[in-house]
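K.L.:
Dropping the sequence and predicted coords here.
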Amino acid sequence: MTEERPVEELLAEVEARAKQCVACPLAHTRTNVVFGEGNPRAPLVLVGEGPGEQEDATGRPFVGRAGALLDKALREAGMARRHVYICNIVKCRAYVIENGRARNRPPTAEEIQACSTWLDAQLTIIKPLVIVCLGGPAASTLIHKNFKIMQDRGKWFSNRYAPAVIAALHPAYILRQAGEAYEKAYRSLVDDLIAARERVKELRRLQEEAKPILPEGEEQLRLF
Ligand code: SF4
């Protein structure tokens, strides 16, 4: 029988390989590969689009203004980063130079496809109960390719990585809104995170109920 290796070890191994990745052109312009971070045993995984300037500079996901907004929404939903795992569909920053300045751009279909190796490995190792896709590109990658974020956010789906998958508005999109539109968009993110948290609880309860009741002797063996 092969011994099961801890998820932390498996994930660290994949991260070390991802940090050497040159499978798409973004490898030539990145500062850091932003693999992902958080609790590798988290039942809830948040997946965004890709690193921005500050994420590229630090190697950490969601650390800029969008990250601060996500942290605030997580707190309002009764969670913190230590309760979840956060990553992106693409691990290196995609940008264009305009008027001498780098401006983030959406990753191309080819870049998303090339990077799916790492996302697939992460989600396969973590085996979350619930995935929250942050924004349309993550939802199109993990739910279905014709996903319409404004229409379909907040609805439940499943995929091969998790029994429950939901999409929420991306914090960077929310930051581009103003006034009432901002409040409404932010509220929807908090509501979707609360729904995701409740779904984790529900799925855990169902898992507990489904556990077979072992004969007394076998139950005791588990103590050693
Ligand atoms: S974006 Fe993904 S596939 Fe492209 S170089 Fe970075 S890690 Fe590799």
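P.N.:
Noted; the coordinates are in hand.
K.L.:
Identify the residue nearest the geometric centre of the chain.
P.N.:
Nearest residue to the geometric centre of the chain (Cα atoms, centre = their mean): V47, 2.2 Å.
K.L.:
which ones are touching the closest residue in space to it that isn't next to it in sequence?
P.N.:
Leaving aside its sequence neighbours, V47 sits nearest to A138 (Cβ to Cβ, 6 or more residues apart in numbering; 4.7 Å). Just so you know, the C-beta spots here come from the backbone N, C-alpha and C atoms, and that holds for glycine as well. For A138, the contact set (Cβ atoms under 8 Å, 6 or more residues apart in numbering) comprises 47-49, 88-89, 167, 170.
K.L.:
that's a helix at A138, yeah?
P.N.:
Yes - per DSSP: H, G, I helix; E, B strand; the rest coil, A138 lies within a helix segment.
K.L.:
all helices of this structure, in order?
P.N.:
7-18, 53-58, 65-76, 109-126, 136-142, 149-152, 171-175, 179-210, 216-221 (DSSP state H).
K.L.:
Least reliable of the ones you listed by average pLDDT, please.
P.N.:
Looking over these, mean pLDDT reaches its minimum on helix 216-221, with a mean of 45.
K.L.:
Need the per-residue pLDDT for L223.
P.N.:
Value for L223, per-residue pLDDT: 36.
K.L.:
Spell out which parts of the chain neighbour the ligand.
P.N.:
Within the chain, the positions lying close to the ligand (Cβ under 6 Å from any ligand atom) are 18, 21-24, 26-27, 33, 90-92, 111, 114-115, 118.
K.L.:
Of these - the most surrounded one?
P.N.:
Counting by other Cβ atoms under 10 Å, K91 has the largest number of neighbours within the residues of the chain next to the ligand, with 32 neighbours.
K.L.:
so what's that residue up against?
P.N.:
Shown in contact with K91 (Cβ under 8 Å, 6+ apart): 18, 21, 33-36, 50-51, 115, 118.
K.L.:
mind running it again at 10 Å?
P.N.:
Taking Cβ atoms under 10 Å, 6 or more residues apart in numbering as the criterion, K91 is in contact with 15, 18-19, 21, 24, 26-27, 30, 32-36, 50-51, 55, 59, 61, 107, 111, 114-115, 117-119, 122.
K.L.:
Compute the distance between the residue nearest to the centre of the chain and K148, please.
P.N.:
According to Cβ to Cβ, to the nearest Å, V47 stands 18 Å off from K148.
K.L.:
circling back to that earlier point, any chance of the contacts of A138 in JSON lines, with pLDDT too?
P.N.:
Below are the contacts of A138 laid out as JSON lines (pLDDT from 0 to 100):
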{"residue": "V47", "pLDDT": "98"}
{"residue": "G48", "pLDDT": "98"}
{"residue": "E49", "pLDDT": "98"}
{"residue": "N88", "pLDDT": "98"}
{"residue": "I89", "pLDDT": "98"}
{"residue": "A167", "pLDDT": "98"}
{"residue": "H170", "pLDDT": "98"}
